[in-house]
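Colleague: Show me how the following folds:
(4 chains)
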2 protein chains.
Amino acid sequence: MAERPTVARILSSAEELFDRRGFHAVGIDEIAAHAEVSTRTLYKHMGSKDGLICAVLDHRRERFFASLRETGGGLDSMFTGLADWFSHHGAHSCFFLRAVTEYDGTDGEVVATARRFDHQLRGEIAHHLDVDGCDADTSLIDQIAVLFDGATAAAVRMGPNAALVAGYTARQIVAHQDRDHQFTDRPPKDTT
Amino acid sequence: MAERPTVARILSSAEELFDRRGFHAVGIDEIAAHAEVSTRTLYKHMGSKDGLICAVLDHRRERFFASLRETGGGLDSMFTGLADWFSHHGAHSCFFLRAVTEYDGTDGEVVATARRFDHQLRGEIAHHLDVDGCDADTSLIDQIAVLFDGATAAAVRMGPNAALVAGYTARQIVAHQDRDHQFTDRPPKDTT
DNA sequence: TGAAAAGTACAACGATCGTTGTACACTGGG
DNA sequence: CCCAGTGTACAACGATCGTTGTACTTTTCA
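Modeller: As a prediction, the model looks like this:
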């Protein structure tokens, strides 16, 4: 583990500490010590703390979505993959949502980098719905997105099982979606 | 507004700033300035930053659940009440979840105070289900809790409408819960 | 072999953090 | 009137923050 490339060690150390305790609560010195790297080396690679955070965000985003895909595709595998992710990495609520809220109102690039996750998530949900043969209209994607975020947040309170609960609920929604015309009200449209 | 009691001004100012940018990102001086109070006065009332945070957590928790109840009770009013809350206070992901993650691993009282929200939330969901005449078994509460957390998190990405999407989904779940015996798998049990 | 690249040790910068001491001004009720 | 309570102004404490300069050692590879 000690002979892993320097940048990889910095990124994974920073990701772990940021994920566990938050971006403002973790200092550069602690990250460097955890990565067994001098502060000077860290700055030569990352430029600044904001640069480090952006690099960590990009790195995690790619790893995360790749991890969700490698189980085969489809809603079921997406939510079981999410449960697996929580089992291996712990559940500390959405990494990207926390970056957005911690840096909300600032003019740096952190918020913009974190927001890229949002758009990609909806695309990923559409992909998994497509694998299942469902037509992914906006309302259904909204519902699955709420369940996805719900799993991520609720896992902090009830563990990885939250993802399985969300997956089960998603299955119910999809199975009943065509006979729900008995509902007088339609799913709320996202107007934002 | 300037003649409101000192403690009330401190609490609401701290809550607003903490909610918008996070606990570690906001300093005592900024809170005191926003509340138009000297730092010394703030410390006389709150003792420490941790004390202030705990007071804010308790204050918000009571206000939040009271706000969800005053619309009448039942699942529908709970989720529309949540949407109203987001419209008035903004959506920055769950205040209490963020307190837990930002202070995870520390030995202070912040985490314990924030965790009180979790238990109360499940009780509140059970209450609202009861008003609707549903028997609130653990699995159903799990599902509603995931939808509730999902609304809170997704509202950061898609606005207050996330709560209405979650409410609509909850209605579907409840409406179909008795004819879902066709499902070979049962809702996952929360074993944590 | 030798030069460039990569990493380290260490001290220090100004800024800000949470927190406290001290001395003083205002307010109400006995 | 005077006391007790409440709040203020202001300076300062040590600690930590993000960041950088300098000088040195190690690794890489042509």
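Colleague: of all of chain A, which residue lies closest to chain B?
Modeller: residue A:150 (2.5 Å; Cβ to the nearest Cβ). Every residue, glycine included, has its C-beta placed from N, CA and C.
Colleague: OK, contacts around the nearest residue to that residue once chain neighbours are set aside?
Modeller: Among residues not flanking residue A:150 along the chain, residue B:150 sits closest, at 2.5 Å (Cβ to Cβ, 6 or more residues apart in numbering or on different chains). With contacts defined as Cβ atoms under 8 Å, 6 or more residues apart in numbering or on different chains, residue B:150 is in contact with A:146, A:147, A:148, A:149, A:150, A:151, A:153, A:154, A:166, B:162, B:166.
Colleague: any idea which of the residues you listed is closest to DNA strand C?
Modeller: residue A:153 (25.4 Å; Cβ to the nearest atom of the strand).
Colleague: rewinding a little: what comes up buried for the helix or strand hosting the residue nearest to residue A:150?
Modeller: Using DSSP states H and E, residue B:150 maps to helix B:138-158. By 16 or more other Cβ atoms under 10 Å in any protein chain shown, the buried positions in helix B:138-158 come out as B:139-158.
Colleague: buried sites along the helix or strand that it is followed by?
Modeller: Per DSSP H and E, the first helix or strand lying C-terminal to helix B:138-158 is helix B:161-176. Buried residues in helix B:161-176, counted by 16+ other Cβ under 10 Å: B:161-174.
Colleague: now helix B:161-176 against helix A:161-176, angle please.
Modeller: 70 degrees (axes from the mean of the first three to the mean of the last three Cα atoms, to 10 degrees).
Colleague: what angle do helix B:161-176 and helix B:138-158 make?
Modeller: Using the same axes, to 10 degrees: helix B:161-176 against helix B:138-158 is 160 degrees.
Colleague: okay, the buried residues of helix B:161-176 in JSON lines with distance to chain A and pLDDT next?
Modeller: What follows is the buried residues of helix B:161-176, written out as JSON lines (distance: Cβ to the nearest Cβ, whole Å; pLDDT from 0 to 100):
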{"residue": "B:161", "distance to chain A": "5", "pLDDT": "98"}
{"residue": "B:162", "distance to chain A": "6", "pLDDT": "98"}
{"residue": "B:163", "distance to chain A": "9", "pLDDT": "98"}
{"residue": "B:164", "distance to chain A": "4", "pLDDT": "98"}
{"residue": "B:165", "distance to chain A": "5", "pLDDT": "98"}
{"residue": "B:166", "distance to chain A": "5", "pLDDT": "98"}
{"residue": "B:167", "distance to chain A": "8", "pLDDT": "98"}
{"residue": "B:168", "distance to chain A": "5", "pLDDT": "97"}
{"residue": "B:169", "distance to chain A": "5", "pLDDT": "97"}
{"residue": "B:170", "distance to chain A": "9", "pLDDT": "97"}
{"residue": "B:171", "distance to chain A": "8", "pLDDT": "96"}
{"residue": "B:172", "distance to chain A": "6", "pLDDT": "95"}
{"residue": "B:173", "distance to chain A": "6", "pLDDT": "95"}
{"residue": "B:174", "distance to chain A": "11", "pLDDT": "94"}
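Colleague: Tell me which two of these sit farthest apart.
Modeller: Maximum pairwise distance among those (Cβ to Cβ): 20.3 Å, between B:161 and B:174.
Colleague: Contact residues of chain A facing DNA strand C?
Modeller: Selection of chain A residues close to DNA strand C by Cβ under 7 Å from any atom of the strand yields A:5, A:6, A:7, A:36, A:37, A:38, A:39, A:40, A:41, A:44, A:45.
Colleague: what's the farthest-apart pair in the residues you listed?
Modeller: Once Cβ to Cβ is applied, the residues of chain A next to DNA strand C give A:5 and A:39 as the farthest pair, at 18.1 Å.
Colleague: For chain A, which segments count as helices?
Modeller: With DSSP state H as the criterion, chain A has helices at A:6-21, A:28-34, A:39-46, A:49-69, A:75-89, A:95-102, A:110-131, A:138-158, A:161-176.
Colleague: Now the residue nearest the centre of chain A. Nearest residue, chain neighbours left out?
Modeller: Closest residue to the average C-alpha location of chain A: residue A:94 at 5.3 Å, with Cα atoms, centre = their mean. Excluding its sequence neighbours, the residue lying closest to residue A:94 (Cβ to Cβ, 6+ apart) is residue A:152, at 4.8 Å.
Colleague: for the one you found, what are its contacts?
Modeller: Residue A:152 touches A:82, A:91, A:93, A:94, A:162, B:153, counting by Cβ under 8 Å, 6+ apart.
Colleague: any idea how far it is from residue A:43?
Modeller: The spacing between residue A:152 and residue A:43, counted by Cβ to Cβ, to the nearest Å, is 32 Å.
Colleague: same question, residue A:94
Modeller: 28 Å.
Colleague: which parts of chain A sit against DNA strand D?
Modeller: Residues of chain A found near DNA strand D (Cβ under 7 Å from any atom of the strand) are A:24, A:26-30, A:39-40, A:43, A:47-50.
Colleague: Next, the buried residues of stretch A:24-33.
Modeller: Residues of stretch A:24-33 classed as buried: A:24, A:25, A:26, A:31, A:32 (neighbour count, 16+ other Cβ under 10 Å).
Colleague: so how far is DNA strand D from the residue nearest to residue A:142 when sequence neighbours are not counted?
Modeller: Leaving aside its chain neighbours, residue A:142 sits nearest to residue B:165 (4.9 Å; criterion: Cβ to Cβ, 6+ apart). Distance of residue B:165 to DNA strand D, computed by Cβ to the nearest atom of the strand, to the nearest Å: 37 Å.
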